[in-house]
Every structure is written in C-alpha cells, then in structure tokens.
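Trainee: output the structure for:
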Amino acid sequence: MSVNRWAVRAVVVASAAVCLAACSDGSDARIPEVAEAESLIARAYDAREDTAALCDLSSSLGNCKALLQGAGTAPTAEPEVVCTQPYEGHDSYTPGLLVRTVTVDDSGLAVTHDTVAIDTPGGARLMNVVYWEPWGVSDGNTTEDTVEFDC
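Mentor: Numbers count the residues shown, from 1 in each chain. Below is the predicted model of the structure:
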C-alpha cells in the first residue's frame, strides 16, 4: 500500500470518528433497519460510476471523496450483504447498524467490506460507500481501532 493510500485512510478514520461523534449525540439515535442498509448497498452499486450519486448515500461527502481517491474502478459484481449487527456506539460515537458485504473484484477475488449505516437528518446513510475496498469500521482514532463483529 502506498504512503498516499495510508494518508487517505488516516484522514478517513479521523473524519469518520468526527462524523460518528457529531452526527448525533447517540442517546436517542435510531438504528437503521436491515432493509434500509440493504437498499443503501444496492443503491451504491447502481451509483458506482456516478460519484455524486454514490456520495449522496454517504454520511459524509468529505469521507466519500477521500475514500474514492485511489479506490480504482468498482467491479461489475454486485455486493451481497452477508450479515448485519447493531452497533450501540460508545462515548460520543453514534449507534448504527454494522453491515458486512462481499463482492468479487474483476480478478475474481472476494472482497469483504464492513461499514455502518447510521441515521442522519437526511435519513439512513452509510459511513463508507466504497464497497469494493476491504475496509473496516473504525471506532477510535487510528486504523487499528476497528469494530469486530461475527457473521
């Protein structure tokens, strides 16, 4: 992985932490339903070649644009939601629904991607819509602070 890619990830982790903390106070946040998350993933697939439409599904336009840098072209295979799990949040991190997807890249390799669907004033959104990159959900200030969940 190049230095620039690590720099983008560091920015994304920091931005995601700020968004998780700022999107709601966490005490009364609604956790999106599984059907909402599945719809967001399907819409992300449909919007994979339209940056504006794809980033409209993201909880943070800045995160979306940063994640797209160096992400390459989305594969033609549609992502499949393989499991979900409620995320209660902690401290000032917003609760949401953890979502794991699997897709196949254009080389035929499986790509597992974790994201979280959160409720925003504009409705349910995904923290990370770039489903073709094998990223996790951060719940801390570094790339090592990732949420672990079982499928």
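
Trainee: where does the chain dip in pLDDT?
Mentor: Applying pLDDT under 70 to the chain flags residues 1-28, 141-144.

Trainee: would you map the helices across it?
Mentor: Taking DSSP state H to define them, one finds helices in the chain at 3-22, 34-46, 51-55, 61-68.

Trainee: how far away is the residue nearest in space to the middle of the chain from G96?
Mentor: For the chain, the residue nearest the mean C-alpha position is N128 (2.2 Å; C-alpha atoms, centre = their mean). Distance of N128 to G96, computed by C-beta to C-beta, to the nearest Å: 12 Å. For every residue, glycine as well, the C-beta is placed using N, CA and C.

Trainee: go on, S58?
Mentor: 13 Å.

Trainee: can you list residues touching both of the two?
Mentor: Common neighbours of S58 and G96 are listed as M127 (criterion: C-beta atoms under 8 Å, 6 or more residues apart in numbering).

Trainee: which of the two has more neighbours?
Mentor: G96 (30 against 24; other C-beta atoms under 10 Å).

Trainee: for the more buried one, give me its contacts.
Mentor: A29, I31, P32, P86, Y87, G89, V116, A117, I118, D119, M127.

Trainee: swap the cut-off to 10 Å and go again
Mentor: If you count contacts by C-beta atoms under 10 Å, 6 or more residues apart in numbering, G96 has them with 20, 23-24, 26, 29-32, 37, 59, 86-89, 115-119, 124-127, 137.

Trainee: mark which of those are part of strands, please.
Mentor: Taking DSSP state E as the definition of strands, the contacts of G96 contribute P86, Y87, T115, V116, A117, I118, D119, A124, R125, L126.

Trainee: quick one: residues contacting V81.
Mentor: Per C-beta under 10 Å, 6+ apart, neighbours of V81: V34, A37, E38, L40, I41, A42, V99, R100, T101, V102, Y131.

Trainee: so what sits opposite the residue lying closest to the third one once chain neighbours are set aside in the bridge?
Mentor: If you skip the residues right next to it in sequence, E38 has V81 as its closest partner in space, 5.2 Å away by C-beta to C-beta, 6 or more residues apart in numbering. Per DSSP bridges, the residues bridged to V81 are T101.

Trainee: separation between V81 and G70?
Mentor: From V81 to G70 the distance is 25 Å (C-beta to C-beta).
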